[in-house]
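**Student:** need a structure here:
(2 chains)
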Amino acid sequence: MYLYGLTLNNTTGINQAIRGNFSGTKQQEIIVARQTRLELLKPDPSTGKLHTILSHECFGLIRSIAPFRLTGASKDLLILGSDSGRIVILEYNPTKNTFDKLQQETYGKTGSRRIVPGQYLAADPKGRAVMIGAIEKQKLVYVLNRDSAANLTISSPLEAHRTNTIHHHIVGLDVGFDNPIFACLEVDYTDADQDPTGDAFRDVEKVLTYYELDLGLNHVVRKWSEPVERTANLLVPVPGGTDGPSGVLVCSENLITYKHQDMPDLRLPIIRRAQPLEDAKRGLIISTSTVHKMKINKKTQFFFLLQSEAGDIYKVTMDHADGVVNNMTLKYFDTVPVAASLCILKSGFLFAANEFSNHQLYSIENLGDDDEEELTAVDFMEAEEEQGETPLVYFTPRALKNLALVDELESLSPFMASQVHNLADEEAPRIYGICGTGARASFRIMNQGLEVSELAVSELPGNPSAVWTTKLRTDDAYQSYIVVSFTNATLILSIGETVEEVSDTGFMTNTPTLAVQQLGEDALVQVYAKGVRHIFADKRVSEWRAPGSLAIVQAATNNRQVIVALSNGELVYFELDNMGQLNEHSEHKQMSTFVTSLALGDVPEGRTRFPHVAVGCDDQTVRILNLDPEHCLEPLSMQALQGMPCSLTILEMFDTGAVRGHGTLYLHIGMTNGVYMRTALDIVTGQLSESRTRFLGPRPIKLFKLTIHGQPALLLLTSKPWLSYTFQNRLNLTPLSYESLEYGSSFVSEQCAEGMVAVTGNTLRILMVEKLGNTFNQVTIPLKYTPRQFALHQPTSTFVVVESDHATYSASEKASELSVKAAEGLEVDEDMMALDPQQVGHIRHKKNKWASCIRLIEPFTGQTLQELELDENEAAFSVAAVQFVNNPHANDPYEQFIVVGTGQDVQLQPSKCKSGYIRLYRPLLGDDQRVQLELIHKTAVDEVPLALAAFHGRLLAGVGKHVRIYDVGRKKMLRKCESRPLPTKVRSLQTLGDRIVIGDVQESVHYARYHRNDNTLAIFADDTTPRYLTATTIVDYDTVACGDKFGNLSVSRLEKKVSDEVDDDTTGNRIHFEKPYLNGAPNKLQTLCNYFTGDIITSLHRTTLVVGGREVILATSLLGSISMYVPFVAKEDVEFFQNLEMHMRTEAPPLAGRDHLSYRGYYAPVKNVIDGDLCEQFNTLPAEKRRMVAEELDRSVGEVQKKIEDMRVRSGY
Amino acid sequence: MEANNMNSQLEHLQSKYAGTGHADTTKYDWMTNIQRDSLASMVSHNSLLSYIAVAENESKARVRANLLEKMVLPCGLPPERKEY
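**Tutor:** Numbers count the residues shown, from 1 in each chain, chains lettered A, B, ... in the order given. This is a model prediction of the structure:
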């Protein structure tokens, strides 16, 4: 079996975000590392939207990124620390929209290892050196410089190693132009390892060490070292040189300390929420920080924003003079979700790349300069001295005051589980997923499509058949008229603050219109059934009338040309002359058949005409005719089609280059049978080549030109609207998440720069597509706690989600504790308790305390029908819908019950619980006809059931090490059968017939068979590789696909012979008495495929994604990526893609410096899986490289591209 | 190869790569080494770190700090050295 792996949705979680001027302009950009991907985001300061400019797959785990700027340069470069054992310096190239590799230096082994640097990156603020550190021992310093040609040079590494030392954080100190200094938070464990008494361990110190790079001697020395708090976890460099005092803030539990060599310490507390239920013993740490510098009166001022692990942001300022810090102040700023990185932009925005769930962009409304109480270091240190211990300081959290949310980037991370269903009988199934943690968790429904925002909907007096927009002059920035055509009239609307009807425009209004076009410099043309009306700027009109009884049936126009087809198949061609008159070409061209569509391209810059016209004929052909005056209307080429062409458009798409004239000119053909065809048109010869077809929907396709993000795009209207656009040099064809439309046109006005106007029914709509590049449009339903599993109750089409949160106050416990506190006389601040948990999070409890609920969701309206909160520290972990054969509680034998697996007093480490439970619920229609769950009974079991499944009218449950079959009883679930124990713990159960595939948390899959006759479960085969399973799916009767905790996808198969033997063994004696082999089951699985995906796989499904598509394996990962694995059908295809992959590896080596083959074979050598993402990078190669690779493969570039595109389009999106 | 040379090569390896074993590696040494490797792997693989953070309902910064802290003495106190 060979698989072709493709990413459908990129990783949405962000490891780290940095800001900088990466394109070298004044505007700041953000670069984010999304696990294996680098993305450049650009905030639009006027709208406050974040746009993805570039997203590049690096085929390596990105561990750290840092911006740096060479002294005197105006452009920031990017340093990458990854698992490649190499340091890589990248530059963003704004013209080509790529990351260019400037330097790559190898320093160690590959992989994210303990002593191989890559985890920490610290750049000198003046861009003279960079330190790259490992978790333990190794630190390397590279000196960066420029050669005579102003190219970046990098020195050989200088070592600053220290054995037996664990690094907690490394930062580059701001020292102005003195020798660069790096500050490092270290712990030396040499003595603790040797001393059995434990004294040495108690005395272990965490030290802050300065490493100085002596630029003169080219040598790194330990300059200064001082012990800090044992709990310190983060360093924040303080601006230095001319800007500030230099030094670092050392953040530790409950304390922020300013430290610098030869300077006195200053301490500030990390203030805590005045939360009545808070645990004062639990220290609070700072999780992330950012510093903002600004020039005020030619003096640099700066402040820090530090975010605590609870999400509260504090603003810290410094009072300093002559390099000495006199005082520091700390003030509560606002509370937002916990971020992995914060970036303040000069344009007044704060980007929060959140650890989990959606990332947010806030506008900073206020710098927190109002006179709210603030704490000073001097006061705090005085109080500390008086009390002899560190006092705890409290504040009251509040709703956002200084920040205002302006934009969100969708993030599925952590993507806990997914399912694929087609509940509403639509064309394609939807993906249902549970994402997020705690109060920000959500249930998401994803379907393929771009999000469309609706700007206006207005009703019209009848059902319009067509709509156009037009400018008045060719150099107008905005359009002035909307022309709406009805069956017997035409309506002209003017675009302004409001859209109003106008008269005296020169248009014929008592007849339907066929085309409207702005002509020449300042004229307009209207084509209607009986003629062509040329309207001059001074409202003079010149008209051409169709001869005799003939009518115009089709028309195509551009700024200088008009061509119309008459009802007898004649073509009449007009061209604008230098006097601004529309001249009819002397001869009419008689086509042999009826003309169904016409198209002209835009006039190329500096030319007088577009050289060809495309004519769609009803003999299922498209003909290209010459428009050159010498050979006017002579045929050039012809293309046979699969259907009748009903709409044609000639449009240049920038899929090969971003400059006008360097794209590809395409003839787009929409056919009556719903097939869309795109074929390249040679502008010189008029020849057609490289055609691609795709079925879009059962209705005739209409095509319209649009502009999106400054680039030409095509709107395709059939049973649903589609959009063809270029994004990062790739041509995409994506449906829009909007109802079906009748007719469309582009819309450019002051209010809406790049919209479209469309008609459907009797309404006129103005729409806009804002964010390109998203594959899915999402509906989000909020949840309360971290979702664990969900199940579909088929008969009612409702979802049951089980949610549970560790160390959280459940609603009942919170109420009872609060009443205890109230009885003690503590006043509870109602405002604070009423704050939205989505902002401030749930109240933290002690370890091993759980909050949990079972939720019933109606997916069509997105309503929560019921929320059952569990109490007595019970937490739910698994759920399944089961139809029991013998069910004393059911009225109807087909009734499906819901089974929930829970645990009481669950402890995480070491894993144990007081008791597990199997709860049985019955979905019933409540009084208001809403589905409600009714608890039938709960059965105690010895451990938490983590896997539940329906099995032949009974319940199959994985409880601890055992797989059991339960039947439903009157008072309890009845245990009917039990397997022999598995090595560790049952994680997943999949069934097919009598066969059960059991996934173990550490020991891969086990195949078991259920024998009905003697009611036994016997494990007859297992795997030879220990896999820490997270997800499994049955691919066929003998084959299973698994995902593990380290990011591997594997496919294993049982030998056919063994499989048959097991099935033929009716008595089951053979399996029971067969000798175990290699300390396990008698038979072993064989590995068919192996592939490292880069992220933990959380669910796997065998499914089809598109109508008529092939079945694929769909995988979702923890950090939010969705990918599919397409099985190959033909051997030739496998060979082709293997060759292509091989060439791609050499021609486009991964950006992070990781070897592609070794990355995909991270834990086990990659086997039988071809990396489609790498193959798709073929399209981003420079043209000559593309040609070279295609030649090596004995194909043309177009053929290679077509094969790559087919792999994606045939089975997915 | 001379025994002396071998030894010096081994010493070089041991000094260069933390955790390289030698004839007298005890069970405790071996275990702490393995544990430190595992903990470092959890810290440096973002998805593993996120996985633990979701399970424990802690922030990633806290999990990272906890794991790094655990690296100091991952297997408890070392056993008394026996004198032979």
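**Student:** Which positions within the helix or strand harbouring A:Glu652 qualify as buried?
**Tutor:** A:Glu652 belongs to strand A:645-653 when assigned by DSSP states H and E. Residues A:Pro645, A:Cys646, A:Ser647, A:Leu648, A:Thr649, A:Ile650, A:Leu651, A:Glu652, A:Met653 are the ones in strand A:645-653 that count as buried (16 or more other CB atoms under 10 Å in any protein chain shown). The way it works is simple: take the backbone N, C-alpha and C, and place the C-beta from them, glycine included.
**Student:** tell me the contacts of A:Tyr725?
**Tutor:** A:Ile708, A:His709, A:Gln711, A:Ala713, A:Leu714, A:Leu731, A:Asn732, A:Thr734, A:Leu772 (CB atoms under 8 Å, 6 or more residues apart in numbering or on different chains).
**Student:** which one among these gets closest to chain B?
**Tutor:** A:Leu772 (26.7 Å; CB to the nearest CB).
**Student:** pretty sure that closest one contacts A:Ile708?
**Tutor:** Yes. The criterion here is CB atoms under 8 Å, and A:Leu772 meets it with A:Ile708 at 6.8 Å.
**Student:** follow-up on the earlier one: for the buried residues of strand A:645-653, name the two members farthest from one another.
**Tutor:** Distances among the buried residues of strand A:645-653 were taken as CB to CB; the most separated pair is A:Cys646 and A:Glu652, at 22.2 Å.
**Student:** Quick check: residues of chain B near chain A?
**Tutor:** B:15, B:17-19, B:32, B:36-37, B:40-41, B:43-48, B:50-51, B:53-62, B:64-65, B:68, B:71-73, B:77-81 (CB under 8 Å from any CB of the partner chain).
**Student:** neighbours around residue 60, how many?
**Tutor:** Here I'm looking at chain A. For A:Gly60, the neighbour count with other CB atoms under 10 Å in any protein chain shown is 27.
**Student:** oops, chain B please
**Tutor:** When neighbours are counted by other CB under 10 Å, B:Lys60 registers 23.
**Student:** Does the residue nearest to it when sequence neighbours are not counted belong to a helix, a strand or coil?
**Tutor:** Closest residue to B:Lys60 apart from its sequence neighbours, by CB to CB, 6 or more residues apart in numbering or on different chains: B:Ala53 at 4.8 Å. Using DSSP: H, G, I helix; E, B strand; the rest coil, the three-state assignment for B:Ala53 comes out as helix.
**Student:** dump the residue contacts of B:Ala53.
**Tutor:** By CB under 8 Å, 6+ apart, the residues touching B:Ala53 are A:Glu355, A:Phe356, B:Ser59, B:Lys60, B:Arg62, B:Val63.
**Student:** anything in stretch A:33-47 near chain B?
**Tutor:** Yes. Using CB under 8 Å from any CB, stretch A:33-47 reaches chain B at A:Gln35.
**Student:** on that earlier part again, now tabulate the contacts of A:Tyr725 in CSV and tack on distance to A:Gln590, pLDDT and secondary structure.
**Tutor:** CSV is the format used below for the contacts of A:Tyr725 (distance: CB to CB, whole Å; pLDDT from 0 to 100; DSSP: H, G, I helix; E, B strand; the rest coil):
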residue, distance to A:Gln590, pLDDT, secondary structure
A:Ile708, 39, 87, strand
A:His709, 43, 82, coil
A:Gln711, 39, 86, strand
A:Ala713, 36, 92, strand
A:Leu714, 31, 94, strand
A:Leu731, 37, 84, strand
A:Asn732, 40, 86, strand
A:Thr734, 41, 90, strand
A:Leu772, 44, 81, coil
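**Student:** Write a ChimeraX command that selects only the buried members of these.
**Tutor:** A single ChimeraX command selects the buried members of these (16+ other CB under 10 Å):
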select /A:708,709,711,713,714,731,732,734,772
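**Student:** With distance to A:Leu571 as extra columns, can I get the contacts of A:Tyr725 in a markdown table?
**Tutor:** As requested, the contacts of A:Tyr725 are exported to a markdown table (distance: CB to CB, whole Å):
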| residue | distance to A:Leu571 |
| --- | --- |
| A:Ile708 | 32 |
| A:His709 | 36 |
| A:Gln711 | 31 |
| A:Ala713 | 28 |
| A:Leu714 | 24 |
| A:Leu731 | 31 |
| A:Asn732 | 34 |
| A:Thr734 | 35 |
| A:Leu772 | 37 |
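**Student:** can you give me phi and psi for B:Leu48?
**Tutor:** When read as degrees, to the nearest 10, the backbone of B:Leu48 gives phi -70, psi -40.
**Student:** which ones are touching it?
**Tutor:** A:Lys1045, A:Phe1046, A:Ile1096, B:Ser41, B:Met42.
**Student:** rerun that using 7 Å as the cut-off
**Tutor:** B:Ser41, B:Met42 (CB atoms under 7 Å, 6 or more residues apart in numbering or on different chains).
**Student:** And the pLDDT for it?
**Tutor:** With respect to pLDDT, B:Leu48 has a value of 96.
**Student:** quick one: strands adjacent to the next helix or strand after the strand holding A:Glu652?
**Tutor:** As assigned by DSSP H and E, the chain's next helix or strand after strand A:645-653 is strand A:664-671. Sheet pairing of strand A:664-671 (DSSP bridges) gives strand A:645-653 (antiparallel), strand A:675-681 (antiparallel).
**Student:** okay, the ones you listed in a markdown table with mean pLDDT next?
**Tutor:** Shown next, in a markdown table, are these (pLDDT from 0 to 100):
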| stretch | mean pLDDT |
| --- | --- |
| strand A:645-653 | 93 |
| strand A:675-681 | 93 |
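**Student:** can you put those in TSV and add distance to A:Arg114?
**Tutor:** Shown next, in TSV, are those (distance: least, CB to CB, whole Å):
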stretch	distance to A:Arg114
strand A:645-653	49
strand A:675-681	52
